[in-house]
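**Student:** Provided below are the primary sequence and the corresponding predicted coordinates.
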Amino acid sequence: MYSKYKFVIYFITTFLIFVICISCEPLVTTFDDEVNAEKYEASSYQHPPDHVNRIKIMTWNIRFGAGRIPWFGDSCGDRVILSEDEVKHNLQAIADFVNTTQSDILFINEIDIESKRTAYIDQMQWLLNHTHFNYGAFASNWKSQFIPSDGLGRMNTGNAVLSRWKISEAKSILLPLRGDQDALTEYFYLRLNILQTRINVPGIDNFYAVVTHLSAFSTDDTKKKQVHVVVKTLEDIDSKGNIFVLGGDFNLLPPNATKTDYCLEDMCDDESYHQPGDNPQHKEGSNYLPEINWLQPMYDHYQSAMSLQDYIVDENHYFTHSTKPDKFWDRKLDYLFTNDQWITDSDSTYQNTSELSDHAPICAEWELP
Amino acid sequence: MMNKKFNHYIKNTTPIGLLIVLFSLSVLPGQETNNKLWSDGSAYILPKKRIELGLFQPLRYGQSERIEWSTHPVYFFIIPNLNIKWFHGFYNDIAIASRYSVYYPTILLRTIAREGTGGIISPEFDIPQMFGFNGEALFSKYIHENTLLTAKIGLAFGLKLGDLDERTTIDLPLVYDRLAVFYHGYQVRGGLDLDGHLYKRWYYSLDMDYFYIPNIDHNEAFEHKGLLIWQKSDETRITIGYKLVYCEYPFGSQWHLFIPLIDIQKAWNRN
């Protein structure tokens, strides 16, 4: 009898240990200050140039392949979960444009790899397989098994670098979280990052490509803190004698922008701002006045593909964003910086892409030292 | 894929055939009615007039020597549900029963298809009227003096009175596989339970359930539960355990472990 009970208890104990040891994904993935980024390769290799004198860098917030569909979270829309056909149609348009511009390195914000809102399409792999890029790195900034709000469900979205050449190193550096949210919302919300990659560009062995995306809707000094971390990260690269280019959606206007309040432009039909008794007076993420100087440290330390002098001469020419599909670009939020030199007048803002995303891609060329 | 051989067998078994098996069970001649004191996943049913209720267990009632009713009272107002277990008798020391369930998930799904916090389904979709049906055959045999083995096989059906967009799936363990019938019509289910006595007032219960939908991708789910039971008396018992879930979702397959599962069950007799 004793041996029978011993066997049963042994069986149960063993199985308990087995099941407890199985790794289970947490409901929300929180990230350490630094974690390795995920690397990708295209399904087929397209031989890149062996010798280059200049490389073309582009940065683009692709709005998770939603095109200009009125998504509930950013454009007063009522759509949440897109169909596979919608997403693939938009991705194809993005890929067609990318193939036309033939940049050598592409920085991407808001790219989904496993999200219910975009039919669980791995957009990293999809874009690699449908463009001339061979390698990619992805750093998630919003990863949750299930977001119990608005039907969002599973989410995995983030920043990416696509490159013709091999990416030898890729890490994600956590940016400060929003400080104006309650604990529960913060738990399920974005954890923005800097994706720092080292790319084996021919003829240069210390080249870093860095992409970041700052908070869009914070109403406190979160973005100021995030810029500080970006500057520190770039200083670390620079101080070791390395060269970097950085791109991304900073969600900040140029420090000399003449218009700083977009509450009325971004206002939804059922909202009211700037009127007596309105609370809040300003729409989240649309009043840039309190933060107008927060991007200045980037201009103080590094070279922008677009100088502030050029910008003030013709602001409209550099606009990269609008919230509503029926409005043309009305502000600049996307930037390229380097600690070296951009080729003079090589920058472009592709404003003919207003159907592809709520951000326009910008591009500039950089000459190898 | 979990078990290709089993898949192959299931794929070649018509649901009509399984239905016939289920219905034919109801006309098996009964030999000797038998009850166990506490209800479980076996073919045995509650003694007549005994009522059981747990924090997370359904309310069960032994109507007669052959019929046991149950429902989840906590969920009843958002998912009206009713189950009946019908004891058919013995065949070569194997107790045989069938279990049928009907439930109405529309109220719950419409409640959670909303904007803002608590929105599990996007409010952009309509949820039609839906009814779920399960039918299951249970075969139990004592493989040792105090060890009961039960095999289960059944079918689940989903009936909907309107279009249901596939983007309304709730891609969570224990939910996705159960609601899958409303997107794909029917589902085959099978499983094994092992219940036994350990020592004095201590008992255990282990079960495995397998869910399969033919002819689609991401079509399998597996659940395993282990419980340690302390039976204070014939009226009270406490269970603690775990549940392990494997499921193929639209984004890929995943394992989940739920631990601890704790429940207190009370029972009494209706006079």
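**Tutor:** In hand now; what should we look at?

**Student:** my read: residue A:141 touches residue A:159, true?
**Tutor:** Yes - the pair formed by residue A:141 and residue A:159 meets the contact definition of CB atoms under 8 Å, at 6.4 Å. Every residue, glycine included, has its C-beta placed from N, CA and C.

**Student:** Compare the two and say which one has the larger neighbour count.
**Tutor:** More neighbours sit around residue A:159 than around the other of residue A:141 and residue A:159, counting by other CB atoms under 10 Å in any protein chain shown; the figures are 28 against 22.

**Student:** ok, now which ones touch that one?
**Tutor:** If a contact means CB atoms under 8 Å, 6 or more residues apart in numbering or on different chains, then residue A:159 has A:107-109, A:111, A:138-139, A:141, A:172, A:193-195, A:211-213, A:248 as its contacts.

**Student:** The residue nearest to residue A:90 when sequence neighbours are not counted: what's it in contact with?
**Tutor:** With sequence-adjacent residues excluded and distances taken as CB to CB, 6 or more residues apart in numbering or on different chains, residue A:90 is closest to residue A:67, at 3.9 Å. Neighbouring residues of residue A:67 by CB under 8 Å, 6+ apart: A:86, A:89-90, A:93, A:355-357.

**Student:** Now do stretch B:48-61: distance to the chain's middle.
**Tutor:** For stretch B:48-61, the separation from the chain centroid amounts to 15 Å (computed by CA atoms, centre = their mean, to the nearest Å).

**Student:** residues of it that come out buried?
**Tutor:** Residues of stretch B:48-61 classed as buried by neighbour count (16 or more other CB atoms under 10 Å in any protein chain shown): B:48, B:50, B:52-54, B:57-58, B:60-61.

**Student:** nearest residue to the residue in the stretch 1-150 of chain B positioned nearest to chain A other than its sequence neighbours?
**Tutor:** Closest contact between the stretch 1-150 of chain B and chain A, by CB to the nearest CB, is at residue B:122 (2.9 Å). In space, and not counting its chain neighbours, residue B:122 is closest to residue A:151: 2.9 Å by CB to CB, 6+ apart.

**Student:** Which strand or helix spans the one you found?
**Tutor:** For residue A:151, there is no host helix or strand (DSSP states H and E).

**Student:** Tell me how many other residues surround it.
**Tutor:** Residue crowding around residue A:151 was assessed by other CB under 10 Å; the count is 25.

**Student:** Ramachandran angles for it?
**Tutor:** Phi and psi for residue A:151, reported as degrees, to the nearest 10, are phi 80, psi 20.

**Student:** Repeat that for residue B:197.
**Tutor:** phi -100, psi 140.

**Student:** which non-adjacent residue is nearest it?
**Tutor:** In this structure, residue B:197 finds its nearest non-sequential neighbour in residue B:146, 3.9 Å apart by CB to CB, 6+ apart.

**Student:** The one you found touches residue B:195, doesn't it?
**Tutor:** No - checked against CB under 8 Å, the pair residue B:146 and residue B:195 is beyond contact range at 9.0 Å.

**Student:** so where do the helices sit in the stretch 251-369 of chain A?
**Tutor:** With DSSP state H, counting those that start in this stretch as the definition, the stretch 251-369 of chain A shows helices at residue ranges A:263-266, A:296-301, A:308-313.

**Student:** would a markdown table of these with mean pLDDT and mean neighbour count be doable?
**Tutor:** Formatted as a markdown table, the helices of the stretch 251-369 of chain A follow (pLDDT from 0 to 100; neighbours: other CB atoms under 10 Å in any protein chain shown):
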| stretch | mean pLDDT | mean neighbour count |
| --- | --- | --- |
| helix A:263-266 | 95 | 18 |
| helix A:296-301 | 97 | 15 |
| helix A:308-313 | 97 | 14 |
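
**Student:** how about those, which one is nearest residue A:53?
**Tutor:** Counting by CB to CB, residue A:53 lies closest to helix A:308-313 out of those; the figure is 23.9 Å.

**Student:** Contacts for that closest one next, please.
**Tutor:** When contacts are taken as CB under 8 Å, 6+ apart, the neighbours of helix A:308-313 outside the stretch itself are A:254-258, A:299, A:318, A:332.

**Student:** show me what contacts the residue of the stretch 101-250 of chain A found nearest chain B?
**Tutor:** Proximity to chain B, evaluated over the stretch 101-250 of chain A using CB to the nearest CB, is greatest for residue A:151 at 2.9 Å. With contacts taken as CB under 8 Å, 6+ apart, residue A:151 has the following neighbours: A:80-81, B:113, B:119-125.

**Student:** How confident is the prediction for it, by pLDDT?
**Tutor:** For residue A:151, the model assigns a pLDDT of 95.

**Student:** next one: residue A:369
**Tutor:** Looking at residue A:369, its pLDDT reads 82.

**Student:** pretty sure it is in contact with residue A:340, am I right?
**Tutor:** Yes - in this structure, residue A:369 sits in contact with residue A:340. The criterion is CB under 8 Å, and the distance is 6.5 Å.

**Student:** re the thing from before, from residue A:91, how far out is the residue nearest to residue B:122?
**Tutor:** For residue A:151, the distance to residue A:91 under the criterion CB to CB, to the nearest Å works out to 22 Å.

**Student:** Residue 265 - nearest residue in space that isn't next to it in sequence?
**Tutor:** Let's take chain A. Of all residues not flanking residue A:265 in the chain, residue A:330 sits nearest, at 6.2 Å (CB to CB, 6+ apart).

**Student:** that's the wrong chain, I meant chain B
**Tutor:** The spatial neighbour of residue B:265 that comes closest, neighbours along the chain excluded (CB to CB, 6+ apart), is residue B:54 at 3.9 Å.

**Student:** what bridges to residue A:140?
**Tutor:** residue A:158 (DSSP bridges).

**Student:** And for it, the neighbour number?
**Tutor:** Other residues near residue A:140 come to 25 when the count uses other CB under 10 Å.

**Student:** List the contacts of it.
**Tutor:** For residue A:140, the set of contacting residues under the criterion of CB under 8 Å, 6+ apart consists of A:29, A:31, A:38, A:113, A:156-158, A:172.

**Student:** so which pair among the residues you listed is furthest apart in space?
**Tutor:** Put simply, by CB to CB the two of the contacts of residue A:140 set farthest apart are A:31 and A:113, 15.1 Å from each other.

**Student:** In chain B, where is pLDDT below threshold?
**Tutor:** Per-residue confidence for chain B (pLDDT under 70) gives these ranges: B:1-37.

**Student:** need the longest strand for it.
**Tutor:** Using DSSP state E to assign secondary structure, the strand with the most residues in chain B is strand B:252-269.

**Student:** Check which helices and strands that strand sits against.
**Tutor:** For strand B:252-269, the elements it packs on are helix A:2-21, strand B:50-54, strand B:236-249, judged by 3 or more CB pairs under 8 Å, 6 or more residues apart in numbering or on different chains; DSSP states H and E.

**Student:** How about it, which residues are buried there?
**Tutor:** Judged by neighbour count using 16+ other CB under 10 Å, the buried positions of strand B:252-269 are B:254, B:256-258, B:263, B:265, B:267.

**Student:** again, but for stretch B:56-76
**Tutor:** Within stretch B:56-76, the residues that qualify as buried by neighbour count (16+ other CB under 10 Å) are B:57-58, B:60-62, B:65-66, B:68-72.
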